[in-house]
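A.B. asks: Sequence and computational prediction follow.
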Amino acid sequence: MTAVAPAPLGAEFFLDARGGARSLRVRWHREEGLVVLSLWRGRECTGTFRLTIDEVPILIESLRAGLDTAYEETRS
């Protein structure tokens, strides 16, 4: 089961279900108009992706559509 862990400085950490100290960090940089998604293994950042604030609704819609489909498949 994945979990959200408390994080400092306004970031959210999502723990990877595979374990191995893997996590995803989401951090807003409002002054730059960005949200940064970063992949972590323990205390080491292994990759980042910068998404403009204008692109965030598209990402959210994509996640929502996938979630809706997953729920529909489990009800069938």
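C.D. replies: Great, that's in hand.
A.B. asks: From E55, how far out is the closest residue to W40 other than its chain neighbours?
C.D. replies: Leaving out its chain neighbours, the residue that sits closest to W40 by CB to CB, 6 or more residues apart in numbering is S23, at 4.7 Å. All C-beta spots, glycine's among them, are computed from the backbone N, C-alpha and C. S23 sits 22 Å away from E55, going by CB to CB, to the nearest Å.
A.B. asks: before we move on, back to that, residue contacts, the residue nearest to W40?
C.D. replies: Taking CB atoms under 8 Å, 6 or more residues apart in numbering, we find S23 in contact with A5, F13, F14, L15, D16, L39, W40.
A.B. asks: same thing but at 7 Å, please
C.D. replies: By CB atoms under 7 Å, 6 or more residues apart in numbering, the contact set of S23 is F13, F14, L15, D16, W40.
A.B. asks: What's the local residue count around the first one?
C.D. replies: To tie it back to what came earlier, the one meant is F13. By other CB atoms under 10 Å, the residues close to F13 number 17.
A.B. asks: Please report the distance of it from T69.
C.D. replies: For F13, the distance to T69 - CB to CB - is 26 Å.
A.B. asks: swap in the second one?
C.D. replies: With distances defined as CB to CB, the gap from F14 to T69 amounts to 20 Å.
A.B. asks: can you pull the pLDDT of the closest residue to D16 other than its chain neighbours?
C.D. replies: Excluding its sequence neighbours, the residue lying closest to D16 (CB to CB, 6+ apart) is R22, at 3.6 Å. pLDDT for R22: 96.
A.B. asks: returning to what we had before: does the residue nearest to W40 lie in a helix or a strand, and which?
C.D. replies: Secondary structure from DSSP states H and E places S23 in strand 22-29.
A.B. asks: what are the pairing partners of that strand, and which direction each?
C.D. replies: Paired with strand 22-29 in the same sheet, following DSSP bridges, are strand 11-15 (antiparallel), strand 34-41 (antiparallel).
A.B. asks: Ok, which of the ones you listed comes nearest R27?
C.D. replies: Closest to R27 of the strands paired with strand 22-29 is strand 11-15 (CB to CB; 4.1 Å).
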